[in-house]
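Peer 1: mind folding the following:
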Amino acid sequence: MRTLVAVAVLVMVAAASFAQGGGYAAPEGSSQAFRVKAGYADVGDLGGAFTAAIEYSTPEFVVTAGWADAKGTLRSGLNVFEFDGDQYFLEAGYTYRPPSNPLTYIGLGVGWYRLDGDFRQTQPVPGVSSGHDDSAGAFVVVGTESGDRRWFGEVRWVVGTDHWDWTADGLRAYVGMRF
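Peer 2: Numbers count the residues shown, from 1 in each chain. Got it, this is the predicted structure:
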């Protein structure tokens, strides 16, 4: 259900941008833009699945707010848990565009990551608990844009995001649209 809601929000944002004259919400040639993106997030030990985000970007800086689905089987000593939850994140970073190819960018930044979900203990004693945990982390990003800068794809490596006894570090792959 959460995945469906995230996809619906992305579709509504994209539709709203097209309704504003069928093009970008930012003036043509503007260096500032809002972007929506969706893709796959590896949330380390907590599994991986769909992710969605919205970001505000300039040629040098980017601020991203997003969500990733997190599901997986976790072990802590003799205990085995099924985790089902969400990761919310807020990231800010610097991007560099080489003068020889301004459609490509690389960058790095920092972020705040909150993991919120349910733990269903399967062994040795069944039980359910829930909770949330916050963590600071960092990311490295590499991306490219289409010639008209409307579409883009990027890969982010998120590190330093430990939650409880598990790591949530991992790779995220996105495709998105500028508006």
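Peer 1: got the buried residues for stretch 69-85?
Peer 2: Of the residues in stretch 69-85, those scored as buried under the neighbour-count criterion (16 or more other C-beta atoms under 10 Å) are Asp69, Ala70, Gly72, Leu74, Phe81, Phe83, Asp84, Gly85. Quick note: C-beta positions are derived from backbone N, CA and C, even for glycine.
Peer 1: can you pick out the most distant pair from the residues you listed?
Peer 2: Across the buried residues of stretch 69-85, the longest distance by C-beta to C-beta is 16.7 Å; it joins Asp69 and Phe81.
Peer 1: ok, back up a step: closest to Ser100 out of the buried residues of stretch 69-85?
Peer 2: When the buried residues of stretch 69-85 are compared for distance to Ser100 (C-beta to C-beta), Asp69 wins out at 37.9 Å.
Peer 1: spatially nearest residue to the closest one, not counting backbone neighbours?
Peer 2: With sequence-adjacent residues excluded and distances taken as C-beta to C-beta, 6 or more residues apart in numbering, Asp69 is closest to Ala49, at 3.9 Å.
Peer 1: can you count the residues close to the one you found?
Peer 2: Other residues within reach of Ala49, judged by other C-beta atoms under 10 Å, total 16.
Peer 1: quick one: contacts for it?
Peer 2: Thr3, Tyr40, Ala41, Val43, Ala68, Asp69, Ala70, Lys71 (C-beta atoms under 8 Å, 6 or more residues apart in numbering).
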